[in-house]
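Visitor: fold the following and give me the result.
(2 chains, ligands or ions: 2)
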Amino acid sequence: MVAVCRVEELPPGESTRVWADVAVAVFNADGEFYAVDDTCTHQDASLSEGFLEGCFVECPLHAAFFDLRTGMPTCLPAKRPVRTHPVTIEDGVIHVHVTANTSQQSENAQEQEAVA
Amino acid sequence: MRSIAVIGASLAGYSAAQQLRAQGFGGRLVLVGDEVHPPYDRPPLSKDFLLGKVDADALALGEKSDLDDLEAQWLVGDPAVRLSRTDGAVELLSGERVGVDGVVIATGATPRRLPGTEGIAGIHTLRTLDDAARLREQLTSASRVVVIGAGFIGAEVASSCSYLGADVTVVEAAELPLVHALGRSMAAACAELHGDHGVRTRFGVGVAGILSAAGQVTGVRLASGEELPADVVVVGIGVRPNTGWLADSGLTIEDGVRCDAGGITDLPNIAAVGDVAQVHRPHLGYATRTEHWAAATAQPRAAVRNLLAGTTVEHHDDTPYFWSDQYGSRIQFAGSVTPGAQARVVEGDVEDRSFLTHYEHEGRLVAVLAFNQPKAFGRARRQIAKPGLVAA
Ligand SMILES: Cc1cc2nc3c(=O)[nH]c(=O)nc-3n(C[C@H](O)[C@H](O)[C@H](O)COP(=O)(O)OP(=O)(O)OC[C@H]3O[C@@H](n4cnc5c(N)ncnc54)[C@H](O)[C@@H]3O)c2cc1C
Ligand code: FES
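Guide: Numbering: from 1, shown residues only, chains lettered A, B, ... in the order given. Ligands and ions are numbered 1, 2, ... in the order given. As a prediction, the model looks like this:
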């Protein structure tokens, strides 16, 4: 678990990058917080520099869109999902929970567990 | 509409096929392609593929399952040679006739060649995977490379060749390359990248001839009389749209296939998308081709909708956007530099090769250019005065 910043330091529509074994992009999409691997699965763009539209982020280089809820790309040129990471708020501080596991499936399963 | 053929199975054609299925077309779908490779991405051909950083497999636009999902009939390695005016059937080189109710033209473009260079080994153009593989094979760190034409592709090839250790010279007939696309000050910023990285330039001078011995290129003679020795020559002097097969189709062909603002040709059952399409741009007041990756993926959405509707119900609403990677710099551009537009650096510094430039015309933002400023660019791109979604 990595502390990102205080909630008020990441207003809606903003993003930031933290280092947690890998670079992770954290977003405030209209009040919902999401975290995904920062590096685009197409080439080496930083998704925290991308543009937020609802709960989608547009890669700053070649404009692939990723659904922050699932990590799935919605259009070319990206073909593979980015890993998503659970986010929690504790005492007004945003935390990301990055797992070492790189499998998207177990990632999603864990997320569901966290929700349950 | 029960059957549709997409002619040209690359970025625009593949995107059109995806849109057809996504928009509910359940009929017979035929994809006709000249190239035998499954659809692949071209931008890396002058960049990471030429550098040997990625292989051909990484360029595929879709996994096999994505292609299967289209439930299409693929006729590849067999180009369309004719679109019959009388019955609308598409004739292929093999003699096969594809009878369909609707057609999406997505045949792209082919590089212009230098006249009189046929049959000389070592002279390249770069459009296809095969072109790139041939060029890559010839490049060694000892190569002397002359790139003719300093547009984006020429500049990228020069950058990649110099990165591989070759000795590179870029020749360009214009005094300043890209001046029409980017305006004087920003074109100069692009041109300076060559010199920054030890690549020689000869601007404002034409090519008088190619020197060769025993069928192999040995150099390039310039109009100034200068002779540049070369083992490899790459010609990047623009492209022409692939419309030859439409000669007797009855469609209006100018610089590309003439379309309305929604990608529909003279006939409501024929659309054109991507590099081959000369699309009417209402806010500019003329029709133009857009040779950008983003246009080839964006245009199919409206064009397919209009094709299926049988009439133009939607216009393209994308702001032209392209990127180019050269000498480690990420260049991004969006909009159109209208005559009289003023360029103003609003963030960063040209000297540092990290900046954002606004182009303003009569107080409106008409285009933006960025070097190594992807975040600022993404925001600025959205502020460009948009032609807007216009219902026809
Ligand atoms: C080396 C290179 C680098 C590039 N880099 C960038 C970049 O960095 N950024 C950017 O924005 N854009 C870039 N582009 C431009 C971008 O790749 C094109 O805009 C895009 O490929 C256009 O797609 P298209 O499908 O319209 O045409 P094409 O990709 O040209 O595809 C047309 C297809 O139709 C086939 N065809 C032609 N005639 C026939 C026929 N008669 N019958 C059947 N099939 C036919 C062709 O074989 C081809 O497969 C680059 C292009 C190249 C070549
Ligand atoms: S690097 Fe993200 S879309 Fe290309």
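Visitor: next up, phi/psi of residue B:354, please.
Guide: phi -150, psi 100 (degrees, to the nearest 10).
Visitor: list the buried residues of the longest strand anywhere in chain A.
Guide: With secondary structure taken from DSSP state E, chain A has its longest strand at strand A:22-29. For strand A:22-29, the neighbour count (16 or more other CB atoms under 10 Å in any protein chain shown) marks A:24-29 as buried. All C-beta atoms are positioned from the backbone trio N, CA, C, and that covers glycine.
Visitor: which one among the residues you listed gets closest to residue A:92?
Guide: residue A:28 (13.5 Å; CB to CB).
Visitor: still on that earlier bit, off-centre distance for the longest strand of chain A?
Guide: 4 Å (CA atoms, centre = their mean, to the nearest Å).
Visitor: do stretch B:153-172 as well
Guide: 19 Å.
Visitor: and ligand 1, is that stretch touching that?
Guide: Yes. Shown here: stretch B:153-172 in contact with ligand 1 (CB under 6 Å from any ligand atom) through residue B:153.
Visitor: follow-up on the earlier one: let's have the buried residues of strand A:22-29 in JSON lines, adding pLDDT and distance to ligand 2.
Guide: Listed next are the buried residues of strand A:22-29 as JSON lines, based on pLDDT from 0 to 100; distance: CB to the nearest ligand atom, whole Å:
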{"residue": "A:24", "pLDDT": "97", "distance to ligand 2": "16"}
{"residue": "A:25", "pLDDT": "98", "distance to ligand 2": "12"}
{"residue": "A:26", "pLDDT": "98", "distance to ligand 2": "18"}
{"residue": "A:27", "pLDDT": "98", "distance to ligand 2": "16"}
{"residue": "A:28", "pLDDT": "97", "distance to ligand 2": "21"}
{"residue": "A:29", "pLDDT": "96", "distance to ligand 2": "18"}
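Visitor: closest to ligand 1 out of those residues?
Guide: Among the buried residues of strand A:22-29, residue A:25 lies closest to ligand 1 (CB to the nearest ligand atom), at 23.8 Å.
Visitor: so what's residue 24 up against?
Guide: The chain I'm using is chain A. The neighbourhood of residue A:24, defined by CB atoms under 8 Å, 6 or more residues apart in numbering or on different chains, consists of A:2, A:17-18, A:35-38, A:85, A:96, A:98.
Visitor: my question was about chain B
Guide: residue B:308.
Visitor: may I have the secondary structure class of it?
Guide: What DSSP: H, G, I helix; E, B strand; the rest coil gives for residue B:24 is coil.
Visitor: and residue B:294, by the same measure?
Guide: helix.
Visitor: I'd say it and residue B:318 touch.
Guide: Yes. If you go by CB atoms under 8 Å, residue B:294 and residue B:318 touch, sitting 6.7 Å apart.
Visitor: so for the two, which sits in the more crowded spot?
Guide: Neighbour totals were compared for residue B:294 and residue B:318, and residue B:294 leads with 20 against 17 (other CB atoms under 10 Å in any protein chain shown).
Visitor: so for residue B:298, what's the nearest residue that isn't a sequence neighbour?
Guide: Spatially, and ignoring its direct neighbours in sequence, residue B:298 is nearest to residue B:318 (4.1 Å; CB to CB, 6 or more residues apart in numbering or on different chains).
Visitor: those strands in chain A, which residues are they?
Guide: A:2-6, A:15-20, A:22-29, A:32-37, A:51-53, A:56-58, A:65-67, A:84-85, A:87-90, A:93-96.
Visitor: hang on, I meant the stretch 201-350 of chain B
Guide: Counting by DSSP state E, counting those that start in this stretch, the stretch 201-350 of chain B has strands at residues B:207-213, B:216-222, B:227-229, B:232-235, B:239-241, B:253-254, B:256-259, B:270-272, B:277-281, B:286-288, B:321-326, B:329-335, B:342-349.
Visitor: what parts of chain A come near ligand 2?
Guide: So chain A meets ligand 2 at A:40, A:42-43, A:45, A:59, A:61-62, A:64, A:77-78 (CB under 6 Å from any ligand atom).
Visitor: what is the nearest of those residues to ligand 1?
Guide: residue A:62 (8.0 Å).
Visitor: need the per-residue pLDDT for the residue sitting furthest away from the middle of chain B.
Guide: Farthest-out residue of chain B from its mean C-alpha position, per CA atoms, centre = their mean: residue B:214, at 33.8 Å. Turning to residue B:214, the model gives it a pLDDT of 96.
Visitor: from the contacts of residue A:24, list the buried ones, please.
Guide: So, by 16+ other CB under 10 Å, the buried ones in the contacts of residue A:24 are A:2, A:18, A:35-38, A:85, A:96, A:98.
Visitor: so for the residues you listed, which is the shakiest by pLDDT?
Guide: Within these, the minimum per-residue pLDDT falls on residue A:98 (91).
Visitor: show me what contacts that one?
Guide: Residues in contact with residue A:98 (CB under 8 Å, 6+ apart) are A:2, A:20-22, A:24, A:35, A:85.
Visitor: tell me the two of those residues that are most distant?
Guide: Maximum distance among the contacts of residue A:98 (CB to CB): 12.7 Å, for A:21 and A:35.
Visitor: circling back: out of the strands of the stretch 201-350 of chain B, nearest to residue B:19?
Guide: Short answer: strand B:270-272, nearest of those by CB to CB, at 10.3 Å.
Visitor: residues making contact with the closest one?
Guide: So strand B:270-272 is contacted by B:16, B:83, B:88, B:102-106, B:251, B:256-257, B:259, B:263-265, B:278-279, B:303-304, B:306-307 (CB under 8 Å, 6+ apart).
Visitor: what's the answer for stretch B:86-99, then?
Guide: With CB under 8 Å, 6+ apart as the test, stretch B:86-99 has contacts from B:3, B:5, B:7, B:30, B:32, B:75, B:78-84, B:100-101, B:103, B:269-270.
Visitor: kindly report the same for stretch B:257-266.
Guide: Residues contacting stretch B:257-266 (CB under 8 Å, 6+ apart): B:105, B:241, B:243, B:246, B:250-252, B:270-273, B:276-282, B:287, B:299-300, B:302-303, B:305-307, B:311-316, B:390, B:392.
Visitor: which PyMOL command selects the buried ones in those residues?
Guide: The buried residues among those can be selected in PyMOL (16+ other CB under 10 Å) with this line:
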select buried, chain B and resi 105+241+243+246+251+270+271+272+273+276+277+278+279+280+281+287+299+300+302+303+305+306+307+312+314+315+316
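Visitor: which bits of chain A sit near chain B?
Guide: A:43, A:45-46, A:49-51, A:58, A:60-63, A:75-77, A:79 (CB under 8 Å from any CB of the partner chain).
Visitor: and residue A:111, what pLDDT?
Guide: Reading off the model, residue A:111 has pLDDT 47.
Visitor: and the residue in the stretch 251-392 of chain B that ligand 2 sits nearest to, what does it touch?
Guide: Nearest residue of the stretch 251-392 of chain B to ligand 2, counting by CB to the nearest ligand atom: residue B:323, 8.6 Å away. Taking CB under 8 Å, 6+ apart, we find residue B:323 in contact with A:61-62, B:43, B:293, B:330-333.
Visitor: can you report phi and psi for residue B:57?
Guide: The phi/psi pair for residue B:57 (degrees, to the nearest 10) is phi -60, psi -40.
Visitor: quick one: it from chain A, how far?
Guide: The gap separating residue B:57 from chain A is 12 Å, by CB to the nearest CB, to the nearest Å.
Visitor: ok, that residue to residue B:113 distance?
Guide: As judged by CB to CB, to the nearest Å, residue B:57 and residue B:113 stand 29 Å apart.
Visitor: have a look at those two and say which one is more surrounded.
Guide: Using other CB under 10 Å as the criterion, residue B:57 and residue B:113 rank with residue B:113 on top: 13 against 7.
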